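Colleague: Sharing a model prediction with you, sequence too.
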Amino acid sequence: MRKIVFFVILIIVFSANTTKMDLEKSTTFFVGTYTNGESKGIYQYEIDKNGFLKNNGLKAILENPSFLAKTIDGRNLLAVNEVAKNETGFVTSFAIENDSLIFKSQSKSGGAHPCFLSVNDKNQVIVANYSGGNIGFLQLNSDGELSNLLDVQQHFGKGITSRQEVPHAHSTWFHPANNEIISVDLGTNQLWFSTIDERSKKFVFSVQKTLQMEKAAGPRHLVFHPNKKWIYVLNELNNTISLVQKIPSLYKIISTVSMIPKDYTTYTIGADIHVSSDGEFLYASNRGHNSIAIFKVDNIEGNLELVGFESVKGENPRNFSLTPDNKFLVVANQDSNNIVSFRRDLKIGKLTFVSEIKAPNPVCLLF
C-alpha cells in the first residue's frame, strides 16, 4: 500500500513539474483583428521556446478590436473598437483571468475610428481617434471598469497630400520620463504635446504645442529608446524614421533615415516600429515592400545605421512585436491572414524565419 501511495505522489509531482515546464516553454499573446472577414474578435496565440506558434482560439467576441493594450499590472486588457457609430468609436475593457478575457465595461472613445490607445501607471487611458482627428481621455478604476469620456483634445490643420486634408490622430503616448503626452497626427503632419490636469481631468497643451514633421511625412507611430531621451517617429507616407529629441526644452528633429531600399520605387507605406530592450537595434515594418527594416542604433548620438531587410512572408505587416525575452520577433500580416515568427540574432540584429500560422485579419499583437 505504501508503495502505491509513493508512486501516486511521484506521478502527481511529475505531472505538476511537467505542466510548469510546459508553461515555461511558451509565451501567450493576444491578437487584435478587423472583423469584416472571418475574424470574430480577440484571439490568443502562443510562441514556444523555439519560436513555433500555436492558436489557442477566440477569447472575446468584439467588433474591430484593431489595437490592444494592457494595464501596467497586467490584470486588464483594453481594446479599441475601430468603428464610427454616431461619430464615435469605443474602448472596451476586460479582466485577464488565466487565459480568459472577462468583459468589464465599454465607453465612447471621443471620435470616429479609434486606432490606438495607451494606459499609464495611474490607469489613465488615452485613445487616438483617426477619423475624428482627436484624442480622448478616460480613467480605469480598480475593478477594471472605464469611466465615461472625460475630455477630448481636437486637432486642427492639414498637410499637403491627399491623406492629409484633415487631422488624423494615429497614436498617442505617455512619455516614460515625465507626465507629458505625445500624440502623433498623420493628417496635420505633426506631433502634439500636452499633459493632463489632475484637478480638472482635462488635457492642457504644453508650451510647445506641436512639432512639424518633414513635408508629406505622415507620422504614424513612435517608440521611446530605453534611455528615455531618444524618440523615433515612424513616418508612414514617406517611409522614413525621424530621431526626435528634447534639447533643452524644445522637441527637435535630429536626423531622418529611409526605411526602404534605395532602388525600391513601388508603392509602400510604413506601419509599426519597436526598439530592442537593450537599445541596440530598431525594427520597422513596410507595407508594400512587405519587410522588416533592421537598424543598428548608435549608442552615442542615437542615429540609425541600416543593417538590412527581412521579408515578412506575407502581405501588409501592419503590426509586429518583440517577445518579452527579445529572442523572437512576431509579425501580423493583415492581408495574407498569417502571423510569422523570426529568431533574433542578439549580436547583429538580423532575423531568421522560424514559423508561420494562419490568423484571420491580424492587426495587433500584445504580449
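Modeller: It's in. Numbers count the residues shown, from 1 in each chain.

Colleague: Report the secondary structure element holding Ala128.
Modeller: Under the criterion of DSSP states H and E, Ala128 resides in strand 124-129.

Colleague: Direction included, what does the helix or strand just after that strand pair against?
Modeller: The helix or strand immediately downstream of strand 124-129 is strand 134-139, counting by DSSP H and E. Strand pairing for strand 134-139, using DSSP bridges, gives strand 124-129 (antiparallel), strand 151-154 (antiparallel).

Colleague: Highest mean neighbour count out of the ones you listed?
Modeller: strand 124-129 (a mean of 28; mean count of other Cβ atoms under 10 Å). Any C-beta I mention is one placed from the backbone N, CA and C, and that applies to glycine too.

Colleague: Any regions of the stretch 201-350 of the chain where pLDDT drops low?
Modeller: Low-confidence segments of the stretch 201-350 of the chain, defined by pLDDT under 70, are absent.

Colleague: Give me the neighbour count for Met213.
Modeller: Look at Met213: counted by other Cβ atoms under 10 Å, it has 26 neighbours.

Colleague: thinking again about what came up before, so for Phe103, which of the strands paired with strand 134-139 sits nearest?
Modeller: Closest approach to Phe103 among those (Cβ to Cβ): strand 124-129, 16.3 Å.

Colleague: How far away from the center of its chain is the closest one?
Modeller: The chain centroid and the centroid of strand 124-129 are separated by 13 Å under Cα atoms, centre = their mean, to the nearest Å.

Colleague: on that earlier part again, want to try TSV for the strands paired with strand 134-139, with mean pLDDT and distance to Ser336 as columns?
Modeller: Converted to TSV, the strands paired with strand 134-139 look like this (pLDDT from 0 to 100; distance: least, Cβ to Cβ, whole Å):
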stretch	mean pLDDT	distance to Ser336
strand 124-129	98	26
strand 151-154	98	36
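
Colleague: Can you tell me which of the ones you listed is nearest to Leu101?
Modeller: Using Cβ to Cβ, those put strand 124-129 closest to Leu101, at 16.9 Å.

Colleague: and for stretch 149-162, what are the contacting residues?
Modeller: If you take Cβ atoms under 8 Å, 6 or more residues apart in numbering as the criterion, stretch 149-162 is touched by 107-111, 133-139, 164-167, 169, 183, 185-190, 192, 194, 196, 201-203, 205, 215-216, 218, 237.

Colleague: end to end, how far does that stretch reach?
Modeller: The first residue of stretch 149-162 is 31 Å away from its last residue (Cα to Cα, to the nearest Å).

Colleague: do the same with stretch 311-320
Modeller: Distance across stretch 311-320, first residue to last, is 13 Å (Cα to Cα).

Colleague: buried sites along that stretch?
Modeller: Residues 312-314, 316-320 are the ones in stretch 311-320 that count as buried (16 or more other Cβ atoms under 10 Å).

Colleague: Stretch 136-151 too?
Modeller: 136-140, 144, 146-147, 149-151.

Colleague: now do stretch 70-90
Modeller: Those would be 70-71, 76-83, 88-90, for stretch 70-90 by 16+ other Cβ under 10 Å.

Colleague: Which of those sits closest to Val127?
Modeller: Val80 (6.2 Å).

Colleague: average pLDDT across the helix or strand where the closest one lies?
Modeller: In this assignment (DSSP H and E), Val80 forms part of strand 76-85. Mean per-residue pLDDT for strand 76-85: 98.

Colleague: so what secondary structure elements neighbour that strand?
Modeller: Applying 3 or more Cβ pairs under 8 Å, 6 or more residues apart in numbering; DSSP states H and E, we find strand 76-85 packed against strand 68-70, strand 88-97, strand 100-108, strand 114-119.

Colleague: which residues of this structure fall in helices?
Modeller: 2-25 (DSSP state H).
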